[in-house]
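Engineer: I'd like to go over a predicted model; first the sequence, then the structure.
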Amino acid sequence: MQKVCINSLVENGSLDSRRYYLARRTVIEMLSDRGYLVPDMDAQLRRSLAEFRAEFGDHPEADRLRITAHRVSNPSRKTRKQNAVGILSQIANKERLDKVILVVQSKMNSHAQKVLDEYSVKVETFLIADLLVNISKHFLEPKYEILSPGEKDTLLKKHAIEDKKLPMMLESDAIARYYGFEKGQVVKVCYAGGIPHSLVSYRCVV
């Protein structure tokens, strides 16, 4: 029987690089699920942790991890105000964007959040710790689909109800944040796994 040296089972890279690797994968999948075209997506998702470290290093620089995507169809220190202004000014000078997703190490303080809220385009923030696992990939997680305005009107007229009478989904819900659902939208939820016949329900985002 061949003996295995325990050292070969120990990961040599930094925890930082592993966290960035996992979170970046989830962001790429999240953008794709929202209908964005991510350059070289398949190749990026196939990249191993060792390949990621070879390209970005053991302590990746945030600027090098930035992703710009277009729609197919239509550390423990808090992020402070000056950091938010600097990040957004760098992005604004290089790209003309309609939405920005920031992945941060820790929760934004109130002054930084105010800067983001007043920015000319919508800015979403995610903690890197919340992106280490893609919550949409669980085998029991249902499928979600945003209804178009026309589909929403048809649904409400069919059941003679107002959208606020539908079951609610908070805009702050983890799944709503993953897919980028916004207040007023109606989401079709399709359950299939483990259920004999697929079940469909609708939620209004509030």
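Structural biologist: Looks like it came in fine. Just so it is clear, the structure is predicted and the values come from calculations on it, not from any experiment.
Engineer: Quick check: Ala23 touching Val133?
Structural biologist: No: using C-beta atoms under 8 Å, Ala23 makes no contact with Val133, being 9.7 Å away. Just so you know, the C-beta spots here come from the backbone N, C-alpha and C atoms, and that holds for glycine as well.
Engineer: more crowded one of those two?
Structural biologist: Taking other C-beta atoms under 10 Å, Ala23 and Val133 do not tie; Ala23 has more neighbours (21 against 13).
Engineer: list the contacts for that one?
Structural biologist: Val103, Ile128, Leu131, Leu132 (C-beta atoms under 8 Å, 6 or more residues apart in numbering).
Engineer: Write a PyMOL command that selects only the buried members of those.
Structural biologist: Those of those that count as buried under 16 or more other C-beta atoms under 10 Å are selected in PyMOL with:
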select buried, resi 103+128+131
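Engineer: And Arg47, how far from Ile67?
Structural biologist: 13 Å (C-beta to C-beta, to the nearest Å).
Engineer: longest helix in this protein, by residue count?
Structural biologist: helix 15-33 (DSSP state H).
Engineer: What residues sit buried inside it?
Structural biologist: Result for helix 15-33 [16+ other C-beta under 10 Å]: buried residues 17-32.
Engineer: can you check stretch 40-51 too?
Structural biologist: Neighbour-count burial for stretch 40-51, counted by 16+ other C-beta under 10 Å, picks out Met41, Arg47.
Engineer: chain center to it: distance?
Structural biologist: Centroid separation between stretch 40-51 and its chain, computed with C-alpha atoms, centre = their mean, to the nearest Å, is 18 Å.
Engineer: go on, stretch 18-26?
Structural biologist: 11 Å.
Engineer: Let me know the average pLDDT across whichever helix or strand Ala112 is part of.
Structural biologist: Secondary structure from DSSP states H and E places Ala112 in helix 110-117. Mean pLDDT, taken over the full extent of helix 110-117, equals 86.
Engineer: I'd like to know which elements that helix is packed against.
Structural biologist: helix 81-94, strand 122-127 (3 or more C-beta pairs under 8 Å, 6 or more residues apart in numbering; DSSP states H and E).
Engineer: Compare these and say which comes out lowest on pLDDT.
Structural biologist: helix 81-94 (a mean of 63).
Engineer: Beyond that helix, next helix or strand please.
Structural biologist: Using DSSP H and E, the helix or strand that follows helix 81-94 in sequence is strand 99-104.
Engineer: Pull up the pairing partners for that next one, direction included.
Structural biologist: strand 122-127 (parallel) (DSSP bridges).
Engineer: how many neighbours does Val121 have?
Structural biologist: 12.
Engineer: Likewise for Lys152?
Structural biologist: By other C-beta under 10 Å, neighbour count at Lys152 equals 20.
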